[in-house]
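In: Here is a sequence together with a model predicted from it:
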There are 2 protein chains.
Amino acid sequence: MVKKHKVVVIGGGFGGLTLVQKLAHEPVEILLIDRSNHHLFQPLLYQVATGGLSPANIAMPLRTLVSRQSNCRSILGEVSDVNIGRNEVVLTDGDHFEFDTLVVAAGAVTSYFNHPEWSENVVGLKSLDDAMKIRWRILSSFEKAERSPDPQEQMRLLTFVVVGGGPTGVEMAGAIAELSHHSMKNEFRNIKSESARIILVEGNSRPLSMFREDLSAKACKDLEILGVELRLGVQVKDVNSNEVELSNGEKISTNTVIWAAGVAGNPLGASIARATGVPLARGQRIPVEADCSVPGHPNIFVIGDLAAFIPQGETQTLPGVAPVAIQQAQYVSGLIHNRLIGNPPPPPFTYFDKGSMATIGRGRAIAQVGRFGMTGFLAWMAWLFIHVLLLVGFQNQLLVLTQWAVNFVTHNRGARVMGRQDAWKS
Amino acid sequence: MVKKHKVVVIGGGFGGLTLVQKLAHEPVEILLIDRSNHHLFQPLLYQVATGGLSPANIAMPLRTLVSRQSNCRSILGEVSDVNIGRNEVVLTDGDHFEFDTLVVAAGAVTSYFNHPEWSENVVGLKSLDDAMKIRWRILSSFEKAERSPDPQEQMRLLTFVVVGGGPTGVEMAGAIAELSHHSMKNEFRNIKSESARIILVEGNSRPLSMFREDLSAKACKDLEILGVELRLGVQVKDVNSNEVELSNGEKISTNTVIWAAGVAGNPLGASIARATGVPLARGQRIPVEADCSVPGHPNIFVIGDLAAFIPQGETQTLPGVAPVAIQQAQYVSGLIHNRLIGNPPPPPFTYFDKGSMATIGRGRAIAQVGRFGMTGFLAWMAWLFIHVLLLVGFQNQLLVLTQWAVNFVTHNRGARVMGRQDAWKS
């Protein structure tokens, strides 16, 4: 019996999952390793954080997703290292697995640039745990404000600062504004939830700078209608448990700072860099060749947010967005297929940009495809349609649509459960 | 201006919430205190624990439930004591609130009888946190078994012991059996999830002993069809992290022991007993008068699971079930109404037993109303119908129905998210 080619895939996000599914009919043995038991639909994470959706609505068990694929085994575990000499990945618990081909799709983590100490007072938004932390922080701030006798402290508790004016930051700020100005209206006696301040801080002179200027201006207008205050062209200088200081000297008293300003490659990237001798690129990402492989290691590929891929003839790396990861996964699966049957490798990977969209609260969005732009309700409907289509798994599509329909009609956000244990501490 | 009569309600469960809602049109000032931000529909908690539903499906923000009731304020906090002399409740954070009438509806907590040390290796099922702990324990046992090379350890990980053969225990055992024997079939490569053992331990000679003998016999048959092993007439003698020892000498190697065998009154009951000088009854419950008041304290009422209410002419206390709490709440709200308008008090509280039901997996249930009994699919449809009707809040009804319809058709349990942080530890 011929020994099957072993493909180890690290990470079950958009890149890893696509790759596994594309290899479904290849004569390979796939091992999918993830430290979560689920594939996460990250673009809707902000809705879990603001009580619009439940975690399970945007998370599908990886096991279920690959259960019918007999050439794939999936395990729960965290990879700590890659042993290049032995062609093995090593898990934190010491277990190790051999590979013939390794695909690293471990994604990115929140980065506070050179201020790791900020992580104590700031929450990122990369995992379901993060989203639940933010949900807890927002809701408990309202609960504490309701019980506080001090108007100044109430104001501090009701001030929410979102750092980073990319799609995540804008969506987050819009959702908090809706939650406080609409969904929770009339639910408090001692405070007015409508009086909450939501402040969006962006270092660029405009938010959503990857969009055309007129679209980004429309987004600003929409944000202002929702009651979001903008601080443009300023950075965060310092954060402590009571306030944020901006680079323009402004100090904002707040209990909640949400970080959507930056990510860096998963720390696993550093281990791989050490093991392969390839120095990390900017943002702790691993520079890859035109075929997504690690220089000097043609059987190790890095795709998605962890890869620093510079298209031929350009100088900028591709952005850390889902479509890049998905297209790279498709490319690498094709390359593996060619190798298995002895065909020549495909031409270098090229990224096809299908466009971007961002939603700004209920009924408002902007979208841009090439030079074509769209705003308002139509853009929002397009956003909704595409996101439901992309959501993996029939039942999640149905449940999210039901929940959204209810939310839209009732203006409510029903998924506002907080864990009990720490609810009255800290 | 006349000072309004102040009613403080501790606990937003079935009893507390009903009481608050019944007082909606009374000229009173209500303060509802709960340590969670939600009302929990406990009868479906086992479905959250087994990945059939999401937490938010069975939890509704208390604030939303009382938002239109202008005479009610709701706060998040934990009551630690009652100051009888000053007519005040005291919170753990030192805050205190005055009352003219106090209604304590603080419910029950899991009790390991005289073995508090068992709580380390056993999980109860009273709160959403408990349910998520059980979900995590069950799912991670499967994940660990998939990765274990040792058949004996695999068997231990795949053995689930449920202690207590009341409705909660039976429903829990049935749901774990469905999860492992159906929902997760074909999802593992190294183990067969169908080989999981589910063992239900009950001290009585039959499970569901509050039902007629023939109904409880039918339930036993249904449980066996589902693959649940029964251990009847035996108690748990000891529990450690690796095994359970039964009173008949049997030792069962297991990683998961779920406790549905006993509850006791909320520890707040002990503080109230000390403050009022009324000794606690069996199960740490507070003995109450025929009008649900604490002896010698006509303005302090205890209702629901925390009350030990003995109907006139009987010797047994009423069971700790939702209908008792709801009917007591209705009674006490009527009594408060009479007092406010100077009417004589109503006759002593009497409980009207509308019957009981328990479900045993997909499509099977038993129900008993008076002497009338029902089993099989019809009983299950009745169970489903009644539970959806009783679920508070329109959107939860819709979402649960959608999720159940999907679950029924696909045999799936989609809400199988595990938190990531501890997934590969312990």
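Out: Ah, there it is.
In: isn't A:Pro61 right next to B:Phe188, touching?
Out: No. Using Cβ atoms under 8 Å, A:Pro61 is not in contact with B:Phe188; the gap is 11.7 Å. (C-beta placed from N, C-alpha, C; glycine too.)
In: Find the nearest non-adjacent residue to the closest residue to chain B within the stretch 201-350 of chain A, please.
Out: For the stretch 201-350 of chain A, the residue closest to chain B is A:Asn266, as judged by Cβ to the nearest Cβ, at 13.0 Å. Leaving aside its sequence neighbours, A:Asn266 sits nearest to A:Ala106 (Cβ to Cβ, 6 or more residues apart in numbering or on different chains; 4.0 Å).
In: give the contact list for that neighbour.
Out: For A:Ala106, the contact set (Cβ atoms under 8 Å, 6 or more residues apart in numbering or on different chains) comprises A:Ile10, A:Gly11, A:Val79, A:Gly265, A:Asn266, A:Leu268, A:Gly269, A:Leu306.
In: Most widely separated two among those?
Out: A:Val79 and A:Gly265 (13.7 Å; Cβ to Cβ).
In: These two: which has the busier surroundings?
Out: In this view A:Val79 and A:Gly265 are compared by other Cβ atoms under 10 Å in any protein chain shown, and A:Gly265 has more residues nearby, 29 against 25.
In: just checking, the more buried one touches A:Gly283?
Out: Yes. A:Gly265 lies in contact with A:Gly283 (Cβ under 8 Å); the separation is 6.2 Å.
In: overlap in contacts of the two?
Out: Going by Cβ under 8 Å, 6+ apart, residues that sit against A:Gly265 and also against A:Gly283 are A:Ala108.
In: near chain B, which residues of the stretch 151-300 of chain A show up?
Out: Those residues of the stretch 151-300 of chain A that sit near chain B, judged by Cβ under 8 Å from any Cβ of the partner chain, are A:Met184, A:Asn186, A:Glu187, A:Phe188, A:Arg189, A:Asn190.
In: same thing but at 6 Å, please
Out: Residues of the stretch 151-300 of chain A lying close to chain B (Cβ under 6 Å from any Cβ of the partner chain) are A:Asn186, A:Glu187, A:Arg189.
In: The residue nearest to the last one when sequence neighbours are not counted bridge partners, please.
Out: Distances taken as Cβ to Cβ, 6+ apart place B:Arg73 nearest to A:Arg189, at 4.4 Å, with adjacent residues excluded. Beta bridges link B:Arg73 to B:Leu31 when assigned by DSSP bridges.
In: count of neighbours near the residue nearest to A:Glu98 when sequence neighbours are not counted?
Out: Among residues not flanking A:Glu98 along the chain, A:Glu88 sits closest, at 5.3 Å (Cβ to Cβ, 6+ apart). For A:Glu88, the neighbour count with other Cβ under 10 Å is 16.
In: Kindly report the same for A:Ile84.
Out: Using other Cβ under 10 Å, A:Ile84 has 17 other residues around it.
In: Check the one 5 residues further on too.
Out: Residues lying near A:Val89 (other Cβ under 10 Å) number 26.
In: could you give the mean pLDDT of the helix or strand harbouring it?
Out: Taking DSSP states H and E as the definition, A:Val89 sits inside strand A:88-91. In this model, strand A:88-91 carries a mean pLDDT of 97.
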